[in-house]
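Undergrad: My questions are about this predicted structure, shown below with the sequence.
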Amino acid sequence: MRLSEKKGKGGAILPCFFALLLLLSACASPAAPTQEASMPPQDTLAPPPTETAVPASAVKPIETEPPASLTPPAPSPDAMPDVTQTPAPAITLTPTVTPSPTAKPAPSPSPTPVPTPKPPSVTVSVDTPDGPLLDAAEIPFTDGMTAEQALRAACETADLELKVRAPGTRRAYIAAIGGLAEFDRGPGSGWMYLHNGENVSQGVGARIVTEGDALVFWYTLEYGKELTE
């Protein structure tokens, strides 16, 4: 019994002894050969990676989105009202200019109207028992005018028919005026005339008139007896 116990104890001590020797030998050996043995050859090592420069234009900034709670939702185009802004009209301020008082010119005296000289004339009238055929027509006067010439000018102005025997002579005699002829109203009827209100027995071709004279030719029924009554 005791011998077997001794062998068992001795068998346990031997392994411990050998382990101690190995530990001591490992500690006593230099570290460099161990490192060289553990490192692979340099030829088998991969070259260090080379750094490639990246241009700044190719670098894109990192876009960061704001938190969803801080970004308001964009309104849709259909929901937005169509508001057209009308520009306010431009206001132009016009300065007020007060005109200086000007002296009024003195009124010039109005010219005195100068009367137009009246051309010389002769007044001719034609009267009948039935009423006047020509009422005081003014005929332009010419020097040396006869009663016949004045009567002819008046009948042409009033468009009255005139018949004269021996016209243009001193023996000129009135036969009819306005269609009324001698003896149409009886044997004593015919034409006579007054010169400035005076009954004249001289023929119309021989009677000379002057400026402003009045001649009245009238139709008698009894040889002029109407003047004496």
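TA: It's in.
Undergrad: wait, doesn't L134 sit right on L160?
TA: Yes: with contact defined as C-beta atoms under 8 Å, L134 and L160 form a contacting pair (6.5 Å). C-beta here means a position set from N, CA and C on the backbone, and glycine is covered the same way.
Undergrad: and for the two, which residues touch both?
TA: Taking C-beta atoms under 8 Å, 6 or more residues apart in numbering as the contact rule, L134 and L160 both touch 126, 154.
Undergrad: So which of those two has more stuff around it?
TA: Neighbours around L134 and L160, counted as other C-beta atoms under 10 Å, are more numerous at L134. The numbers are 19 against 16.
Undergrad: Can you tell me, leaving aside adjacent residues, what's nearest to that one?
TA: V126 (3.9 Å; C-beta to C-beta, 6 or more residues apart in numbering).
Undergrad: Let me know whether that neighbour touches R152 as I believe.
TA: No: taking C-beta under 8 Å as the contact criterion, V126 and R152 are not neighbours in contact, 12.0 Å apart.
Undergrad: Any chance of the backbone angles for the residue nearest to L134?
TA: Backbone dihedrals for V126, given as degrees, to the nearest 10, come out at phi -130, psi 120.
Undergrad: give the contact list for it.
TA: With the criterion set at C-beta under 8 Å, 6+ apart, V126 makes contact with 132-134, 154-155, 158, 160, 177-178, 216-218.
Undergrad: try 6 Å
TA: Taking C-beta atoms under 6 Å, 6 or more residues apart in numbering as the definition of contact, the neighbours of V126 are 133-134, 177, 217.
Undergrad: Could you do L162 as well?
TA: With contact set as C-beta under 6 Å, 6+ apart, L162 has these partners: 155, 177.
Undergrad: Quick check: phi and psi on it?
TA: Dihedral angles phi and psi of L162 (degrees, to the nearest 10) take the values phi -130, psi 130.
Undergrad: And it, how far from G212?
TA: If you measure L162 against G212 using C-beta to C-beta, to the nearest Å, the figure is 23 Å.
Undergrad: so where is this structure shaky, pLDDT-wise?
TA: Low-confidence segments of the chain (pLDDT under 70): 1-18, 25-90, 93, 95, 97, 99, 229.
Undergrad: That one: helices as residue ranges?
TA: Taking DSSP state H to define them, one finds helices in the chain at 2-28, 31-38, 147-158.
Undergrad: what's the distance between the residue nearest to L134 and Y193?
TA: Distance of V126 to Y193, computed by C-beta to C-beta: 9 Å.
Undergrad: Please enumerate the shared neighbours of those two.
TA: Among the neighbours of V126, those also in contact with Y193 (C-beta under 6 Å, 6+ apart) are F217.
Undergrad: G190 pairs with what?
TA: Note on G190: beta-bridge partners by DSSP bridges are T220.
Undergrad: That one against D184, yeah?
TA: No: counting by C-beta atoms under 6 Å, D184 is not a contact partner of G190; they are 8.8 Å apart.
Undergrad: Looking only at neighbour counts, state which of the two leads.
TA: Residue environment comparison for G190 versus D184 gives the larger neighbour count to G190, 22 against 12, counting by other C-beta under 10 Å.
Undergrad: now the angle from the longest strand along the chain to helix 147-158?
TA: Assignment by DSSP state E gives strand 131-140 as the longest strand of the chain. Strand 131-140 and helix 147-158 meet at an angle of 110 degrees, taking axes from the mean of the first three to the mean of the last three C-alpha atoms, to 10 degrees as the criterion.
Undergrad: quick one: buried residues of strand 131-140?
TA: Within strand 131-140, the residues scored as buried using 16 or more other C-beta atoms under 10 Å are 133-134, 137, 139.
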